[in-house]
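A.B. asks: The following comprises the amino acid sequence and a computationally predicted model.
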Amino acid sequence: MKLLADENIARSVVQELRNNNFDVKDMKEENLKGATDRVLINLAYEEDRIIITHDKNFGNVLNQFNIKHKGVLMIRCKNQHYLNVIEILIKFLNSKLEKKCKNAVVVLSENQVIVHENVMK
C-alpha cells in the first residue's frame, strides 16, 4: 500500500511506517508544506496513494467538491502522541480492514474504525 502523509503527520510517524515497510511519501519532504488540500488529493490520486491526515475537515473538502480520490485515513485520536498514532495506524494497516480504505474515507481512533465509502471511484 502506498501512502501520502499530510504535513500534519509527524516525521516520527512517517519514519516508523517506513521502518514497517510501508511506501510513504511525506508532503514536508516533497517541499509541499502549505499546499492546498486539492494539490494533496491530486498528487495522491496520480500516484495511487492513500492520504494520511489529522485534518478533520478533509472529508468535507472531498464531499463539497465531489473530488475523486484513492482513499483517506483520517486519524482522530484523543491521545495525539506519535507513539499512540503509530500503534493505531500500524495495527490498522496490518489488519484485514486496511483493504476498506481504498477509495474510501476511513476515520481511525483508539476505539473505532468508521468507513465512509467513496461514490466517486
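C.D. replies: Yep, that arrived.
A.B. asks: Now do the same contact list for the residue sitting nearest the centre point of the chain.
C.D. replies: Centroid check for the chain by C-alpha atoms, centre = their mean gives Ile52 as the closest residue, at 1.6 Å. Going by C-beta atoms under 8 Å, 6 or more residues apart in numbering, Ile52 touches Leu3, Leu4, Ala5, Asp6, Ile9, Val13, Val24, Val72, Leu73, Ile75, Leu89. For the C-beta atoms, the positions are set from N, CA and C on the backbone; glycine is no exception.
A.B. asks: With Lys100 instead?
C.D. replies: Lys100 touches Val106, Val115, counting by C-beta under 8 Å, 6+ apart.
A.B. asks: Pretty sure it sits in a helix.
C.D. replies: Yes. Assessed by DSSP: H, G, I helix; E, B strand; the rest coil, Lys100 belongs to a helix.
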